[in-house]
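Colleague: Task: produce atomic coordinates for the following.
(3 chains)
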Amino acid sequence: MKVKRRSSFLEAWIRLRKNKLAIVCLAVVCLLILIAVFADLITPYENAIANNSAAKFAKPSAEHWFGCDNLGRDMFARVIHGSRVSLLLGFGATAVATVAASLLGSAAAFIGGKFDTVVMRLADILSSIPPILLSLAIAAGFGRGLPQLVISIAIGSLPGYVRIVRSTVLGISGQEYIEAARSMGFGTGKIIVSEILPNALSTILVQATMMVSANILSGTMLSFLGLGVPVPRPEWGAIMSDGLDYIRYASHLVIFPTIFIAITALSINILGDGLRDAFDPRLKGKA
Amino acid sequence: MSEKLLEINGLRIEYTSENGPAKAVNGITFSLDRGQSMGLVGETGAGKTTTALSILRLLPKYTAKVTGGEIRFDGRDVMSVSEAEMRAIRGGRAAMIFQDPMTSLDPVITVRDQIAEVLLLHREDLDRANVDAEVGRILEMVGIPAARMHEYPHQFSGGMKQRVMIAIAIACNPELLIADEPTTALDVTIQAQVLSMMRRLKRELHSALLLITHDLGVVASICDIIGIMYAGEIVEFGTLEDIFDPEKKHHPYTVGLFGSIPNLTMDAERLSPIPGLMPDPTDLPAGCSFGPRCPHYDPARCGSTDPVGSAGTPTEIPIARKGQHQIRCVLYADADL
Amino acid sequence: MSDILLACNHLKKYFPTPAGYLHAVDDINLTIPRGKTLGIVGESGCGKSTLGRCILRLIEPTSGEVLFDGRDVTKMDQKELHKMRREMQLIFQDPYASLNPRKTVFQTISEPMRIYGICKDKADLERRTLELMDTVGLSDRYINTYPHEIDGGRRQRIGIARALSLDPKFVVCDEPVSALDVSIQAQILNLMMDLQDKMGLTYMFITHNLSVVKHISDEIAVLYLGQMVERAPRNELFSNPAHPYTQALLSAIPIPALGYKDKEPELIRGEVSSPINPKPGCRFAPRCPYATKQCQEEQPMRDLGNGHIVACHRCGGAPANAGAAEMAAG
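Modeller: The predicted model follows:
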C-alpha cells in the first residue's frame, strides 16, 4: 500500500474540478482579471475619459457597443477600464481584511486573557464608528487615492470579520484533537498552522468571498460621496451611480455596469462555496 | 378493549441517502400486550429508534419512508389515521421519553408550564384551576417535590431533568410508554434511581412499556419480553427467561452480545467479541445479515454475504419458534428450542 | 529502577469559579507499578478526567507532585516536558472529536514521529506507520482515508496507534470505550490488553463503567467529588467494598442475568453536588446512610491491609498515612 503524497492544495484542486459550476465561475473570475490587466489593449483609456458632445446618450451600436453616457464617453471603455479600480477595491480590501482578521482573530482566541479583551474592545469601538466617518477621517489624514480607499474599506469590514474568525478558532481550539496535538508535544505555532487554520479555512473563505462584492459596493458608496477615486477615472460603482439620474431614457447607462457587478459578485460567491467544499475532505466524493 | 395494545407486522422502513436507499428496518414483527414491558436491544444502527419513532409517526417526513408492513395501536392502523387523530394519540395515549434530557426540555419554560401544556391538550376533564394540583401530583410521582414546579429546566440536575421528561410522558396516563435509551446519559447511581422509579410507575399506572436500549443489564431489571435487533431485523425474540437463560438455544448474535460484555460476577481473562462490523444499511447482504460476522456461517444455508445487487435474490432465513421464543437462524428447527 | 512507574503525591487542582474554588482534584495520592493497570472509577464530576490531564500536565496542577520514573513532572521546564511527552500518552474518549477531520490516517499517526524525528527518512516513516496500523489491527488500505470515512471502532484504533507511535511507557486512557457499541468495545478492550502484554505498557484507565474497569484493571481507585474514597486490588474491591459510596455504586449496576427483574438495589439518596468550596469532612456524608456527626469533621484514611485503603472512619483497620505513595517514591 502506497501512501499518497499530495499537498492539500492539489487535493482541493482535484475536488474542485469535479464541481462544474465552480469551474465556470473560476473561468469568469479569471476572465474579469484578464480584462482588468489588459484593459489598454482592448480599448485605449482615452475613449473612457474623452467627452464627445455629438455622441451624448448614444444607444448601443457597432461603434459604441455599450452606448455613450451623458458626456458622450464610450460606456464600453468606461466599464472595461472601470474593472481595474473595482476589482482592485474588491480583492485588495478583502485580502487586507482577511489577513488582518485571521491574525488578530486567531491570536485573540488562542492567547486569550488581556490580549483578547483589548482586541475585542477595539473591535467594538471600531464598529460603533460609521464607516463613512471612518473613510472621511482617513481621507482627511492621508489624502484621497486608491490605497487609502482600500485601507479604509478594509478597516470598516474588520470588526465583524475578527469576531467571526475568533469564535471559529475558539470552537476549534476546544476540540479534543487540539488537546491530542498538545499531548503529542506539538508547539503552539505548529498547532495554529497545522491543526486550527485548516479547519477554520472554510469559514474564513466563505466570509471573504461574500466580502468581495460588498467591498466593490462600498467603493461605489464612497465614490458617490466624493471620497472615492477622483473623477474622471471610471469605476463600476461610480458609473452606475452617475447613470442613475438618466435611468428613464438611457437605461443602458445603468444596465451594463450593473451586469458586470452582478456577474463578478455571483461568480466569486459560487467559487467561494466550491472552494470551501473542495478544502473539506469530509465532502470528498460528493458534490 | 383488545388485549394486544401494539401490533407490528412485517414493518419495513427506508431512509433515502446518497448511496441509495438505506434499509433501516427490514420486516420486523412483534406485539405488545397491555401492561407488558418489552425491551428492544441492539447496537447503534440496528433500527431500534427508527422502529420507535414510526409507532408515533414521528419519522422525518422527507427522508424516511415506510415501505411495507403495518403498525396497529389498539387495533387501529397507525399509518392511515388522520394527523389530528395522531396528535391525540401522541402524548395522550402513547408517549415517548427521549435519551437526552438536556436537550429535550425547553429551557425558557418552567417545568410546571411544560407539564400543564400536555395536560390541557389531552385531558379535557381537567379544570384549569386544578392544573397546579395535578402537576404537583405528577411531579411527586416521579420523585420531585411539587414545590419545585415553578423552576426552569437548568435549575435541575441531569437525573432530575430525566424525571421531568418522564413526568411529561406520564402526565396523561398513557397506555403505551416508549422510552428510547432513557438512562444512557445518566450516572450509574442516578440510573438506578430512575430505573427504580420506572418500575414503580409501571406497577402503579399499568402502562405498557417499550424500552429501547443497548444495555442488557437494564433490560434484565425491568422487561417481560425482549427482542434482539440486528441490522433492522429481530434476530431473537422471547421472554426474559428465554433470552437470558444460558442453557437455552440462542442466535449467534445474542451469544456474541453476551460474550462482549465484561461480566461482574465471573472472571474472564479475555472477552469474546464479535469480529467485524454491522453491515451498511445501503448494502445489506443477500443472505443472513449476520452471516459475515457469524462463526457458524455456511454459504449453502445462510445465503451469500454479497449485497443483494450483485448476488441476486435475497435468501429467506427461517425462524424457529417454540412458545414465544423465536430465533431467526438456520441452525435451529422448532424442535431444537 | 524502581517498581513504581508513576506516583502522585497530594495532587490538587482547584479551578476558580465565580462561586469560589472548585476542588476538581483534591489531595490525590496514588501509585502505579510498572506494567500494571490502575482503574479510576467515578461518576461525572468526580474529577477523573482532570486527574488524568494533571498527570500529563495538559492541565497545570495547583499543587502536589507527579513522579514519573522518579522525576517530578510538575517541575519540568518546557524542554524537559517536551521530551517527557514521548513517554506519557493519552487515549481519548470521543473517537470523533479527537481526530483532526482534515488529516488522513497516515498524517495523524506519522506526525508525532516526524516531530520527534524518530524515523530517519520518509520510507522509514511509512514503514513504521504501517507497522503501527498492523499492531492495532487496522488494515493498510485505510492509510489514505480521512476519519469521517471510518467507523467509531476503527477511529479509536487510529487514536491508539497515534498514542503508541512514540513508544510510550505510560498511557492514560480516558474512557476509551465509552462511546463504542458493546461488540466493538470488547474488540478494543482485548486489543488494549494485548498491547499491554506485548509492549509492557502501564495504563491508567479512567472510566465510569465498573464492569469494564474490573475487566482491565489490576488495582482500582474510586473517586468522589475530587477525592479518592477507596483504593484496592480489583478482586478485593469487588468482593469487599468498604466505603458506603463504593457499595452503593456496585449495587447500582444492572446485572445482565436472570433473577434481577424488579429487584430494588440499595439506592443512595440525592445526587452528586459540586465540589465548590467544600466543607471539611467526608464529601459523601450528605448522601450516606450511615453518616454521623463525626463524618462532618474528619475523613480519616484507613488501611485494611492487602493494599486496601478506604477514606471512612466506619471501617476498622489501621490509620493509613497517605504515604504509601511517598514511601514507594522515596
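Colleague: State the pLDDT value of the residue of the stretch 1-150 of chain A found nearest chain B.
Modeller: Residue of the stretch 1-150 of chain A nearest chain B, by CB to the nearest CB: residue A:18 (14.4 Å). Every residue, glycine included, has its C-beta placed from N, CA and C. Looking at residue A:18, its pLDDT reads 88.
Colleague: so how far is chain C from it?
Modeller: To chain C, residue A:18 is 17 Å away according to CB to the nearest CB, to the nearest Å.
Colleague: Any idea how many residues pack against that residue?
Modeller: 15 (other CB atoms under 10 Å in any protein chain shown).
Colleague: Likewise for residue C:79?
Modeller: Using other CB under 10 Å, residue C:79 has 8 neighbouring residues.
Colleague: quick one, helices of the stretch 151-300 of chain C?
Modeller: For the stretch 151-300 of chain C, applying DSSP state H, counting those that start in this stretch gives helices covering C:152-164, C:182-199, C:210-216, C:234-239, C:244-252.
Colleague: which of these is buried the deepest?
Modeller: Compared across the helices of the stretch 151-300 of chain C, helix C:152-164 shows the largest average neighbour count, a mean of 24 (mean count of other CB atoms under 10 Å in any protein chain shown).
Colleague: That one and chain B, any residue contact?
Modeller: Yes: using CB under 8 Å from any CB of the partner chain, we find that helix C:152-164 touches chain B at residue C:153.
Colleague: Could I get the helices of the stretch 151-300 of chain C in JSON lines, plus columns for distance to chain A?
Modeller: Putting the helices of the stretch 151-300 of chain C into JSON lines (distance: least, CB to the nearest CB, whole Å) gives the following:
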{"stretch": "helix C:152-164", "distance to chain A": "7"}
{"stretch": "helix C:182-199", "distance to chain A": "17"}
{"stretch": "helix C:210-216", "distance to chain A": "20"}
{"stretch": "helix C:234-239", "distance to chain A": "27"}
{"stretch": "helix C:244-252", "distance to chain A": "27"}
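Colleague: Redo those as a markdown table? Include mean pLDDT.
Modeller: A markdown table is the format used below for the helices of the stretch 151-300 of chain C (pLDDT from 0 to 100):
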| stretch | mean pLDDT |
| --- | --- |
| helix C:152-164 | 91 |
| helix C:182-199 | 90 |
| helix C:210-216 | 89 |
| helix C:234-239 | 90 |
| helix C:244-252 | 89 |
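Colleague: TSV please, covering those helices and showing distance to residue B:12.
Modeller: Putting the helices of the stretch 151-300 of chain C into TSV (distance: least, CB to CB, whole Å) gives the following:
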stretch	distance to residue B:12
helix C:152-164	27
helix C:182-199	25
helix C:210-216	35
helix C:234-239	45
helix C:244-252	39
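Colleague: So for chain B, the centremost residue is which one?
Modeller: residue B:212 (2.9 Å; CA atoms, centre = their mean).
Colleague: Show me what from the stretch 1-150 of chain C comes close to chain B.
Modeller: Proximity of the stretch 1-150 of chain C to chain B (CB under 8 Å from any CB) is limited to residues C:43, C:44.
Colleague: what ranges of the stretch 1-150 of chain C fall below the confidence cut-off?
Modeller: Low-confidence segments of the stretch 1-150 of chain C (pLDDT under 70): C:1-2.
Colleague: how about the helices of it, start to end?
Modeller: Using DSSP H, counting those that start in this stretch, helices in the stretch 1-150 of chain C cover C:48-55, C:78-85, C:105-115, C:122-135.
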